[in-house]
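Student: the following comprises the amino acid sequence and a computationally predicted model.
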Amino acid sequence: MQSRRLKLALPLMALIALLVAAACAPAAQPPVVQTVVVEKVQTSAPVVQTQVVEKVQTSAPVVQTVVVQATAVPAQAPQAFVFGAQGEPVCLDPAIITDGISGRVTNQIYEGLVKFDKDTTNPVPSLAKSWTTSADGKEWTFKLQEGVKFHDGTDFNADAVIKNFDYWGNTKNAQHDGQVKAGQIFEYYEAQFGGFDENSIIEKIEAVDPTTVKFTLRQPQGPFLNNLAMFVFVFASPTALEKYGVDTCKNPVGTGPYKFVEWKPNEQVTLDAFADYWDKANAPKMQRVIVRNIPNNSARLLALAAGEINALEGMEPRDVAAIKDDPRFKLLLRPTNTTGYLAFNYNVKEFNDPKVRQAFAQAINKKAIVDALYGGTGLVANQFQPPSLWGYNHDLKDWDYDTEAAKKLLADAGFANGLSEVTFNDKKVPLELWYMPVSRPYYPNPKDIGTAMAADLAKAGINVSLQTVDWATYLSRRANGELPLYMLGWTGDNGDPDNFVCYFFCLSADDKPLSREGFVNDKALSDLLRKAAATTEQAERAKMYQESEQMIHDNIWRVFIANNQPPLALGANVTGYIPNPTGTEFFNTVEVKATP
């Protein structure tokens, strides 16, 4: 805040004369001098000049008050859009992230060949202005936008595309190898393209010319174009990749409408509009974007009410209806594309018994949890895909909530006295249920939901100890298979069932179970899902995904809790925010209007 004071006082000679006269006069009660101070304060609200009258006891005669008229100045438009996030980003290199909190920031900095159109999962041009595909679906040729620059001045061209894909998928690439040795993983590339090196579905990428790039696939891939639109397959400056090495998490350089300024840990990330952004028709409307870390749902809402932030995601269920009815705010619902689940780690000996897994499934009252803890935006989930996806199995019948049946299943599995201790990696340990430390679209309040699950499980004789840790560590432990029983979920990235089901239940390229998925091991399921991904006819693929959901259900590989329409709250003066089912939302269209 900038302020300026103007003090109006008598001229020096006049003041001296008055003092001399007063000295010669008889003693009297000191009169009052009134001095006017005009203060001008610059804020985002209307500027008003205020008059302060200061009364000073002196022996001088009364001096007439100077009056300054207060004049309202029109409000100035805010220069920044401030978003309240549920937690700290893990990393700002899209190639090695999996979480939406990090993705919210990187979506503004980076761009890919294609992107999702507004509130859909339909791919439309981005850095590629057009594309063609061969009749057999194995060759894809993209024509690139011309004259595009990265934020560091490096040219975007076919060579930049090739260098990024090499960084992601070539284990011999120096930057890739360095990241892996530093403990990072390229999880999305492995999942969406079948693995690295010769295991990748992408056989080769060629620069036909500086503005044309050609992909040759080893086999057709139904979701290939939708995969390319995902928030992780976006391009970093090749110069920056080489310059920063393993420090790309803290030094993001893309082609997007906003460029990175600074990241204050546990506080905020600041971005500024990129003056040389190539897409002038979609240039950012705000000069600055700030993504502020406010982990507590209530504190985040209070910040919105106070005008400290302009928008947020993640609310207490009770606040959703209140926001909807309050004219100071706007409530937006992201289309249903999320599923929260309870995952078993199959290095826990007891979880390899389907009776034990079914006991968990029947012990949890999912409807009560959704009714009480989702603020009217949730649905009970009975499979991994949400109902909006075309591979959803409408004929699947869920396990009934039945505490007594759960007790019997435990007894039949040899745990007549209940389950409080398990064998994890060949060691006896207390049974722990891990919940995330941050609000997520599929679990708006993980601790409360975890507490409700624990209470239901206890009624059936399953006694768990609730545990959590910071978000980055939580995701790392999950990736390394170190959590025995844990809550997590998924927001679909590309509108294709493959991204839900195969991402989690396909085995590795050499048919090994994945640590990041708790070592679940079902080769028949994995083979079916790979066949579905290699098929291009949607009707045929849908049947295979429906069959896969039935297989997952019958084996109780996981317990699916809820789907959700994640609520977003904005100030009434915010326009242009477009919720996308994938959560990939762009802030260049957002404008914060001046408050009247």
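Tutor: Perfect, I can see it now.
Student: doesn't residue 129 belong to a strand?
Tutor: Yes. The assignment for residue 129 by DSSP: H, G, I helix; E, B strand; the rest coil puts it in a strand.
Student: contacting residues for it?
Tutor: 143, 144, 145 (Cβ atoms under 8 Å, 6 or more residues apart in numbering). To be clear about C-beta, it is placed using only N, CA and C from the backbone, and glycine gets the same treatment.
Student: most neighbours of all those, which one?
Tutor: Tallying neighbours with other Cβ atoms under 10 Å puts residue 144 at the head of these, with 23 neighbours.
Student: and it, what does it touch?
Tutor: Here residue 144 is in contact with 113, 127, 128, 129, 156, 157, 158, 161, 210, 211, 212, 213 (criterion: Cβ under 8 Å, 6+ apart).
Student: show me which of these is closest to residue 430.
Tutor: Checking these against residue 430 by Cβ to Cβ gives residue 113 as the nearest, at 48.8 Å.
Student: ramachandran coordinates for the closest one?
Tutor: For residue 113, the backbone dihedrals are phi -70, psi -40 (criterion: degrees, to the nearest 10).
Student: number of nearby residues for the closest residue to it other than its chain neighbours?
Tutor: Leaving out its chain neighbours, the residue that sits closest to residue 113 by Cβ to Cβ, 6 or more residues apart in numbering is residue 128, at 4.0 Å. Using other Cβ under 10 Å, residue 128 is surrounded by 24 other residues.
Student: which strand residues bridge residue 128?
Tutor: On the basis of DSSP bridges, residue 128 is bridged to residue 144.
Student: settle this for me: it is touching residue 115, isn't it.
Tutor: No. With contact defined as Cβ atoms under 8 Å, residue 128 does not reach residue 115; the gap is 9.9 Å.
Student: outside of stretch 197-217, which residues touch it?
Tutor: Contacts for stretch 197-217 (Cβ under 8 Å, 6+ apart): 137-146, 157-159, 161-162, 165, 169-172, 189, 193-194, 218-219, 221, 224, 509-510.
Student: any low-confidence regions in the stretch 201-350 of the chain?
Tutor: Across the stretch 201-350 of the chain, not a single residue meets the criterion (pLDDT under 70).
Student: pull the longest helix from the protein.
Tutor: Across the chain, the longest stretch assigned as helix under DSSP state H is helix 538-555.
Student: what does the domain assignment say about this protein?
Tutor: If you go by automatic domain parsing, the domain ranges for the chain are 2-73, 80-335+570-592, 338-564.
Student: next, the angle helix 538-555 makes with the next helix or strand after the longest helix of the chain.
Tutor: In the C-terminal direction, the helix or strand that comes right after helix 538-555 (DSSP states H and E) is strand 558-564. With axes from the mean of the first three to the mean of the last three Cα atoms, to 10 degrees defining the directions, strand 558-564 sits at 120 degrees from helix 538-555.
Student: now do strand 558-564, average pLDDT.
Tutor: Averaged over strand 558-564, pLDDT sits at 98.
Student: partner strands of that strand and their direction?
Tutor: Strand 558-564 is paired, per DSSP bridges, with strand 338-344 (antiparallel), strand 378-380 (antiparallel).
Student: right, and residue 594 touches residue 79 too?
Tutor: No. Contact criterion Cβ under 8 Å: residue 594 and residue 79 do not qualify, at 10.8 Å.
Student: for the stretch 51-200 of the chain, which segments count as helices?
Tutor: Using DSSP state H, counting those that start in this stretch, the helices of the stretch 51-200 of the chain run over residues 100-109, 158-169, 174-181, 187-193.
Student: of the ones you listed, which is nearest residue 438?
Tutor: Residue 438 lies closest to helix 100-109 among those, at 7.0 Å (Cβ to Cβ).
Student: which helices and strands sit right next to that closest one?
Tutor: The elements that helix 100-109 packs onto, with contact taken as 3 or more Cβ pairs under 8 Å, 6 or more residues apart in numbering; DSSP states H and E, are strand 80-85, strand 258-264, strand 268-273, strand 288-293.
Student: and the closest residue to residue 292 other than its chain neighbours, what does it touch?
Tutor: In this structure, residue 292 finds its nearest non-sequential neighbour in residue 268, 4.4 Å apart by Cβ to Cβ, 6+ apart. Contact analysis of residue 268 by Cβ under 8 Å, 6+ apart lists 290, 291, 292, 293.
Student: specify the beta-bridge partners of the last one.
Tutor: Under the criterion DSSP bridges, residue 293 forms beta bridges with residue 85.
Student: for it, give me its contacts.
Tutor: For residue 293, the contacting residues are 85, 87, 88, 266, 267, 268, by Cβ under 8 Å, 6+ apart.
Student: which one of these is nearest residue 458?
Tutor: Nearest member of these to residue 458, counting by Cβ to Cβ, is residue 87, at 28.7 Å.
Student: without its sequence neighbours, what residue ends up closest to the closest one?
Tutor: Take residue 87 and drop its neighbours on the chain: the residue closest to it by Cβ to Cβ, 6+ apart is residue 438, 3.7 Å away.
Student: relative to residue 294, how far out is the one you found?
Tutor: Distance, residue 438 to residue 294, by Cβ to Cβ, to the nearest Å: 10 Å.
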